[in-house]
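> Pasting the sequence and the predicted coordinates here, then a few questions.
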Amino acid sequence: MAPKKQESVKRVVMKPLEAAMKNSKREVNKGAWTAEEDQKLAEVIAIHGAKKWKSIATKAGLNRCGKSCRLRWLNYLRPNIKRGNISDQEEDLILRLHKLLGNRWSLIAGRLPGRTDNEIKNYWNSHLSKRINQKEKQRSTGGADDSTRRISIVDQKPSTQLSDQNKVHGEMKQDSSSEEGTATITNASNKGGDDHEDYSNSDIDIDDFFDFSNEGPFNLEWVNKFLY
DNA sequence: AACAGAGCCAACCGCGGCGCG
DNA sequence: ACGCGCCGCGGTTGGCTCTGT
């Protein structure tokens, strides 16, 4: 299918007016954001910073909940956001990280500068998961083609071939929105039974894995340290 | 040209964690 | 220790665009 670049800009202009009109003054506005709302939100965040989303929503005079403002900022308005055209390198990295972390989109996004968790999640759901499924089918029938070669490479990595159990002993938390990429590790039970792998038995140093301090902005070599 | 189905993506929803009083 | 509110995350949905018929 042909890519739809710059589409989001169009979207903003399309429906939202009627959506905004439909919503009464008391009700919280939902649906697509208008350019005007974007501008207001950006202005308020420029002044007050991207914290206290509820008050930001109020200060901006937007009839939106803080949650919605936060999402809009993180996924669209935030500076240095890359849109569209996930490169082969990035795709490869997503595949590897997903293999390692499962559906921890925010963590994966934290390793892809300029990419949002939502974007990666969408990309995974619409592109990669299908390819994985295809590959699985092909594997069961035997043989592989070019389109799945890269995925095969990922599958071959030995150090992360961990158990398929849906449990994890370490909960990792990271502020993916921070440009510095500071990370902390906490211990907690995993919510929701993610399908990622149990890395607690591996020789991966989690602290090291999420130590962003000595990396370039877009150096993907680091991942090899953990995955090969 | 019109329609239907698939693909894609922005945004919403629900839940859990955390901090504060 | 407890309750409450806010924040962040992952899953899901709604709706627009594209493509094929």
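Alright, I've got the coordinates. Residues are numbered from 1 along each chain as shown, chains lettered A, B, ... in the order given.

> Please count neighbours and contacts with C-alpha atoms only from this point.
Fine.

> Any regions of chain A where pLDDT drops low?
A:1-27, A:137, A:141-228 (pLDDT under 70).

> care to break it down by domain?
A:7-77, A:88-227 (automatic domain parsing).

> Skip the chain neighbours and tell me the closest residue to the residue in chain A positioned nearest to DNA strand B.
Of all residues in chain A, A:K30 sits closest to DNA strand B, with a separation of 3.0 Å (C-alpha to the nearest atom of the strand). Once flanking residues are discounted, A:K30 sits nearest to A:R64: 6.9 Å by C-alpha to C-alpha, 6 or more residues apart in numbering.

> A:W105 now?
Distances taken as C-alpha to C-alpha, 6+ apart put A:D117 closest to A:W105, at 4.9 Å, once the chain neighbours are dropped.

> Now do the same contact list for that neighbour.
A:N75, A:W105, A:S106, A:L107, A:I108, A:A109 (C-alpha atoms under 8 Å, 6 or more residues apart in numbering).

> In CSV, list these along with secondary structure.
Output for the contacts of A:D117, formatted as CSV (DSSP: H, G, I helix; E, B strand; the rest coil):
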residue, secondary structure
A:N75, helix
A:W105, helix
A:S106, helix
A:L107, helix
A:I108, helix
A:A109, helix
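
> Go back to these and keep what's next to DNA strand C.
Restricting the contacts of A:D117 to those within reach of DNA strand C (C-alpha under 7 Å from any atom of the strand) leaves A:W105, A:S106, A:L107.

> Pipe these into a markdown table and attach distance to A:L71 and neighbour count per row.
Shown next, in a markdown table, are these (distance: C-alpha to C-alpha, whole Å; neighbours: other C-alpha atoms under 10 Å):
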| residue | distance to A:L71 | neighbour count |
| --- | --- | --- |
| A:W105 | 14 | 22 |
| A:S106 | 13 | 20 |
| A:L107 | 16 | 23 |
